[in-house]
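Q: below: sequence and its predicted model.
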Amino acid sequence: MKFFGEAPNKIEHYEWAKDCEKNVKRNEKIFGKEWYYYKKEISYRINEEGFRTRSFIDLDWSNCVVVLGCSNIKGTGNALEDTVCVQLEKILNIPVISLGSSGAGVDLTCRNSLVLHNTRPFPKAVVQVWTGLDRYCDFSPPRGTKKHMVNRSGYCFKHDWGIRSQHYVDSDRALWQGKTIYSEHSFFKHTADTLGIDFIDEKDQARDLDHPGYLTNRLAAEQISQKLIEKGLK
(Lines give C-alpha, C1' and ligand atoms only; values in the text may rest on other atoms or scores of the structure.)
Protein backbone atom coordinates (compact mmCIF):
# COMPACT_ATOMS: atom_id res chain seq x y z
CA MET A 1 0.00 0.00 0.00
CA LYS A 2 1.24 3.46 -0.87
CA PHE A 3 0.23 6.91 0.33
CA PHE A 4 -1.78 9.13 -2.01
CA GLY A 5 0.37 12.24 -2.20
CA GLU A 6 1.36 14.63 -4.96
CA ALA A 7 4.10 14.53 -7.59
CA PRO A 8 7.17 13.41 -5.58
CA ASN A 9 10.61 14.97 -5.35
CA LYS A 10 9.75 18.41 -6.72
CA ILE A 11 10.58 21.95 -5.65
CA GLU A 12 8.38 24.87 -6.69
CA HIS A 13 7.99 28.48 -5.54
CA TYR A 14 4.30 28.65 -6.36
CA GLU A 15 1.65 26.02 -6.07
CA TRP A 16 -1.57 26.14 -8.10
CA ALA A 17 -4.86 27.96 -8.40
CA LYS A 18 -4.60 31.31 -6.58
CA ASP A 19 -1.04 30.91 -5.28
CA CYS A 20 0.49 31.74 -8.64
CA GLU A 21 3.17 34.29 -9.54
CA LYS A 22 0.68 36.63 -11.23
CA ASN A 23 -1.60 36.83 -8.19
CA VAL A 24 1.28 37.21 -5.74
CA LYS A 25 2.72 40.18 -7.66
CA ARG A 26 -0.73 41.75 -7.85
CA ASN A 27 -1.23 41.34 -4.10
CA GLU A 28 2.19 42.85 -3.40
CA LYS A 29 1.11 45.98 -5.27
CA ILE A 30 -2.19 46.11 -3.40
CA PHE A 31 -0.84 45.58 0.14
CA GLY A 32 2.63 47.07 -0.22
CA LYS A 33 5.82 46.48 1.74
CA GLU A 34 4.02 46.16 5.08
CA TRP A 35 2.34 42.95 3.90
CA TYR A 36 3.76 39.91 5.70
CA TYR A 37 4.17 38.05 2.41
CA TYR A 38 5.79 40.93 0.51
CA LYS A 39 8.79 39.41 -1.33
CA LYS A 40 8.70 36.52 1.14
CA GLU A 41 10.48 33.42 -0.13
CA ILE A 42 8.15 30.43 -0.20
CA SER A 43 9.09 27.08 -1.66
CA TYR A 44 7.16 23.83 -1.87
CA ARG A 45 9.63 21.00 -1.35
CA ILE A 46 7.84 17.70 -1.86
CA ASN A 47 9.44 14.51 -0.52
CA GLU A 48 9.79 11.10 -2.13
CA GLU A 49 6.24 10.09 -1.12
CA GLY A 50 4.57 13.29 -2.34
CA PHE A 51 4.25 15.35 0.84
CA ARG A 52 5.60 18.70 1.98
CA THR A 53 7.46 17.31 4.97
CA ARG A 54 10.70 15.58 5.92
CA SER A 55 11.84 12.44 4.12
CA PHE A 56 10.20 9.18 5.15
CA ILE A 57 13.47 7.30 4.64
CA ASP A 58 14.67 5.89 7.97
CA LEU A 59 11.96 7.87 9.78
CA ASP A 60 11.16 6.70 13.32
CA TRP A 61 7.38 6.77 13.01
CA SER A 62 6.83 5.54 16.55
CA ASN A 63 8.31 8.77 17.91
CA CYS A 64 6.36 11.14 15.65
CA VAL A 65 3.03 12.88 15.53
CA VAL A 66 1.28 12.51 12.17
CA VAL A 67 -1.17 15.14 10.91
CA LEU A 68 -3.50 14.41 7.99
CA GLY A 69 -5.52 16.93 6.00
CA CYS A 70 -5.88 18.99 2.86
CA SER A 71 -3.99 22.06 1.59
CA ASN A 72 -4.57 23.78 4.94
CA ILE A 73 -2.21 21.23 6.47
CA LYS A 74 0.14 21.23 3.50
CA GLY A 75 0.35 24.97 4.08
CA THR A 76 -0.55 26.41 0.70
CA GLY A 77 0.46 30.06 0.55
CA ASN A 78 2.71 29.77 3.60
CA ALA A 79 6.42 29.33 4.09
CA LEU A 80 7.29 25.93 5.54
CA GLU A 81 8.16 27.42 8.93
CA ASP A 82 4.69 28.98 9.12
CA THR A 83 2.72 25.78 8.49
CA VAL A 84 0.65 24.11 11.19
CA CYS A 85 2.88 21.06 11.37
CA VAL A 86 6.19 22.89 11.73
CA GLN A 87 4.75 25.20 14.38
CA LEU A 88 3.25 22.20 16.17
CA GLU A 89 6.65 20.50 16.15
CA LYS A 90 8.23 23.54 17.80
CA ILE A 91 5.62 23.51 20.56
CA LEU A 92 5.76 19.78 21.26
CA ASN A 93 9.48 19.27 20.59
CA ILE A 94 8.45 16.05 18.83
CA PRO A 95 8.85 15.37 15.08
CA VAL A 96 5.58 16.15 13.28
CA ILE A 97 4.89 14.59 9.89
CA SER A 98 2.52 16.35 7.50
CA LEU A 99 0.29 14.18 5.31
CA GLY A 100 -1.49 17.23 3.93
CA SER A 101 -2.49 17.01 0.28
CA SER A 102 -4.01 19.85 -1.77
CA GLY A 103 -7.66 19.32 -2.63
CA ALA A 104 -7.93 16.17 -0.55
CA GLY A 105 -11.33 14.97 0.54
CA VAL A 106 -12.16 13.03 3.69
CA ASP A 107 -11.97 9.83 1.65
CA LEU A 108 -8.36 10.49 0.62
CA THR A 109 -7.18 11.40 4.10
CA CYS A 110 -8.84 8.24 5.41
CA ARG A 111 -7.06 6.24 2.73
CA ASN A 112 -3.72 7.71 3.83
CA SER A 113 -4.64 7.03 7.44
CA LEU A 114 -5.23 3.38 6.55
CA VAL A 115 -1.87 3.19 4.76
CA LEU A 116 -0.21 4.67 7.84
CA HIS A 117 -1.97 2.13 10.05
CA ASN A 118 -1.10 -0.88 7.88
CA THR A 119 2.45 -0.09 6.77
CA ARG A 120 4.14 1.95 9.50
CA PRO A 121 4.73 1.63 13.24
CA PHE A 122 1.97 3.42 15.12
CA PRO A 123 2.95 7.05 15.81
CA LYS A 124 2.70 8.79 19.18
CA ALA A 125 -0.46 10.49 17.94
CA VAL A 126 -2.64 10.78 14.84
CA VAL A 127 -4.31 14.12 14.13
CA GLN A 128 -7.06 14.36 11.55
CA VAL A 129 -7.77 17.92 10.43
CA TRP A 130 -10.90 17.13 8.48
CA THR A 131 -11.67 19.11 5.34
CA GLY A 132 -15.07 19.96 3.84
CA LEU A 133 -17.42 16.98 3.99
CA ASP A 134 -18.71 17.64 0.46
CA ARG A 135 -15.35 16.95 -1.20
CA TYR A 136 -14.57 13.60 -2.77
CA CYS A 137 -11.84 11.90 -4.80
CA ASP A 138 -11.91 9.71 -7.88
CA PHE A 139 -9.19 7.10 -7.49
CA SER A 140 -9.74 5.47 -10.90
CA PRO A 141 -8.15 7.80 -13.52
CA PRO A 142 -4.92 6.35 -14.95
CA ARG A 143 -3.16 9.69 -14.47
CA GLY A 144 -3.70 9.65 -10.73
CA THR A 145 -6.22 10.72 -8.13
CA LYS A 146 -8.67 13.40 -9.23
CA LYS A 147 -10.00 15.65 -6.46
CA HIS A 148 -13.46 17.15 -6.67
CA MET A 149 -14.97 20.19 -4.96
CA VAL A 150 -18.41 21.75 -5.32
CA ASN A 151 -17.13 24.91 -7.02
CA ARG A 152 -15.12 23.07 -9.70
CA SER A 153 -16.18 21.54 -12.99
CA GLY A 154 -16.79 17.82 -13.06
CA TYR A 155 -18.36 17.66 -9.60
CA CYS A 156 -21.09 15.02 -9.37
CA PHE A 157 -24.14 16.19 -7.42
CA LYS A 158 -25.96 12.83 -7.65
CA HIS A 159 -24.52 11.47 -4.41
CA ASP A 160 -24.65 12.74 -0.85
CA TRP A 161 -20.92 13.06 -0.34
CA GLY A 162 -21.42 14.52 3.13
CA ILE A 163 -23.04 11.32 4.41
CA ARG A 164 -20.35 9.21 2.75
CA SER A 165 -17.66 11.34 4.37
CA GLN A 166 -19.19 10.79 7.79
CA HIS A 167 -18.95 7.04 7.24
CA TYR A 168 -15.24 7.45 6.46
CA VAL A 169 -14.79 9.47 9.63
CA ASP A 170 -16.49 6.80 11.73
CA SER A 171 -14.26 4.15 10.16
CA ASP A 172 -11.12 6.17 10.85
CA ARG A 173 -12.10 6.64 14.48
CA ALA A 174 -12.62 2.90 14.86
CA LEU A 175 -9.33 2.18 13.09
CA TRP A 176 -7.23 4.03 15.67
CA GLN A 177 -9.30 3.45 18.78
CA GLY A 178 -7.14 2.17 21.64
CA LYS A 179 -3.97 2.14 19.50
CA THR A 180 -2.62 5.66 19.85
CA ILE A 181 -3.68 9.18 20.77
CA TYR A 182 -6.23 10.43 18.25
CA SER A 183 -7.40 14.02 17.85
CA GLU A 184 -9.80 15.68 15.39
CA HIS A 185 -10.06 19.30 14.26
CA SER A 186 -11.30 21.27 11.24
CA PHE A 187 -10.90 24.66 9.58
CA PHE A 188 -14.43 24.14 8.18
CA LYS A 189 -17.27 25.24 10.50
CA HIS A 190 -19.86 22.92 8.96
CA THR A 191 -17.49 19.96 9.28
CA ALA A 192 -16.66 20.79 12.89
CA ASP A 193 -20.33 21.21 13.84
CA THR A 194 -21.45 18.07 12.02
CA LEU A 195 -18.72 15.88 13.50
CA GLY A 196 -18.74 17.51 16.93
CA ILE A 197 -15.03 18.34 16.86
CA ASP A 198 -12.81 21.37 17.52
CA PHE A 199 -13.17 24.23 15.06
CA ILE A 200 -10.11 26.25 14.01
CA ASP A 201 -11.25 29.81 13.35
CA GLU A 202 -9.43 31.64 10.53
CA LYS A 203 -7.81 34.86 11.77
CA ASP A 204 -5.73 35.77 8.72
CA GLN A 205 -5.03 34.66 5.17
CA ALA A 206 -2.02 33.16 3.45
CA ARG A 207 -0.16 34.61 0.47
CA ASP A 208 -2.86 33.43 -1.92
CA LEU A 209 -5.66 35.03 0.14
CA ASP A 210 -7.46 31.68 -0.03
CA HIS A 211 -5.93 29.62 2.80
CA PRO A 212 -5.27 30.18 6.51
CA GLY A 213 -2.29 32.44 7.20
CA TYR A 214 0.62 32.10 9.58
CA LEU A 215 -1.25 33.54 12.59
CA THR A 216 -4.13 31.12 12.12
CA ASN A 217 -1.69 28.25 11.71
CA ARG A 218 0.02 29.20 14.96
CA LEU A 219 -3.30 29.22 16.78
CA ALA A 220 -4.17 25.88 15.19
CA ALA A 221 -0.86 24.39 16.36
CA GLU A 222 -1.52 25.67 19.88
CA GLN A 223 -5.04 24.23 19.87
CA ILE A 224 -3.88 20.86 18.59
CA SER A 225 -0.96 20.66 21.03
CA GLN A 226 -3.23 21.46 23.97
CA LYS A 227 -5.64 18.72 22.94
CA LEU A 228 -2.85 16.18 22.47
CA ILE A 229 -1.37 16.96 25.88
CA GLU A 230 -4.83 16.65 27.46
CA LYS A 231 -5.10 13.22 25.85
CA GLY A 232 -1.78 12.14 27.39
CA LEU A 233 0.92 12.97 24.85
CA LYS A 234 4.34 13.19 26.51
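A: Happy to help now that I have it.

Q: got a list of contacts for stretch 16-25?
A: Contacts with stretch 16-25, where a contact means CB atoms under 8 Å, 6 or more residues apart in numbering, come from H13, Y14, Y37, T76, G77, S102, A206, R207, D208, L209, D210, H211. Where you see a C-beta, it was placed from the backbone N, CA and C, and this is true even at glycine.

Q: ok, and the closest non-adjacent residue to the third one?
A: What that stands for is Y37. Excluding the flanking residues, the one nearest Y37 by CB to CB, 6 or more residues apart in numbering is R207, at 4.1 Å.

Q: show the contacting residues for the one you found.
A: Taking CB under 8 Å, 6+ apart, we find R207 in contact with D19, V24, N27, Y37, K40, I42, G77, N78.

Q: what about it, which SS state?
A: Look at R207: counting by DSSP: H, G, I helix; E, B strand; the rest coil, its state is coil.

Q: dump the contacts of stretch 16-25 to TSV, plus distance to S140 and pLDDT.
A: Written out in TSV, the entries for those read as follows (distance: CB to CB, whole Å; pLDDT from 0 to 100):
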residue	distance to S140	pLDDT
H13	32	93
Y14	29	92
Y37	37	97
T76	25	96
G77	30	97
S102	19	93
A206	32	97
R207	33	97
D208	29	96
L209	33	96
D210	28	94
H211	28	96
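
Q: any chance of JSON lines for those residues, columns distance to E48?
A: Listed next are the contacts of stretch 16-25 as JSON lines, based on distance: CB to CB, whole Å:
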{"residue": "H13", "distance to E48": "20"}
{"residue": "Y14", "distance to E48": "22"}
{"residue": "Y37", "distance to E48": "29"}
{"residue": "T76", "distance to E48": "20"}
{"residue": "G77", "distance to E48": "24"}
{"residue": "S102", "distance to E48": "18"}
{"residue": "A206", "distance to E48": "26"}
{"residue": "R207", "distance to E48": "26"}
{"residue": "D208", "distance to E48": "26"}
{"residue": "L209", "distance to E48": "31"}
{"residue": "D210", "distance to E48": "28"}
{"residue": "H211", "distance to E48": "25"}
